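Novice: Sequence first, then the predicted structure:
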Amino acid sequence: MNQDVVFDIPDIHCKICANIIKQALYFTAGVEEIETSFEERNASVSINPEMITSKKIKTMIIALGFSAMIM
């Protein structure tokens, strides 16, 4: 069963930033769906918790140079 997690990412300043995050997470094992929003400065991620944790996703977003907080 998938788990839906929303991340607040205040450092998203443009659509390119949102796309960078989406592209990086899209190819991650355990990420089933991802939507990023420049306007709302967040990312909604559907994950398979048996394969990846929300903390790992947060770490990946931070590694891309953005701050992230699980909402």
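Specialist: Yep, that arrived. Computed from a predicted model, the values in this text were never measured in an experiment.

Novice: Quickly note the distance from the nearest residue in space to residue 64 that is not next to it in sequence to residue 66.
Specialist: Nearest non-adjacent residue to residue 64, counting by Cβ to Cβ, 6 or more residues apart in numbering: residue 24, 5.8 Å away. (Each C-beta comes from the backbone N, C-alpha and C, glycine too.) Distance of residue 24 to residue 66, computed by Cβ to Cβ, to the nearest Å: 10 Å.

Novice: Please say which of these two ends up with more neighbours.
Specialist: residue 66 (20 against 15; other Cβ atoms under 10 Å).

Novice: The most centrally placed residue in the chain sits in which helix or strand?
Specialist: By Cα atoms, centre = their mean, the chain has its centre lying nearest to residue 43, at 4.8 Å. Under the criterion of DSSP states H and E, residue 43 resides in strand 42-47.

Novice: neighbouring strands for that strand, and are they parallel or not?
Specialist: Here strand 42-47 is paired, per DSSP bridges, with strand 3-8 (antiparallel), strand 31-37 (antiparallel).
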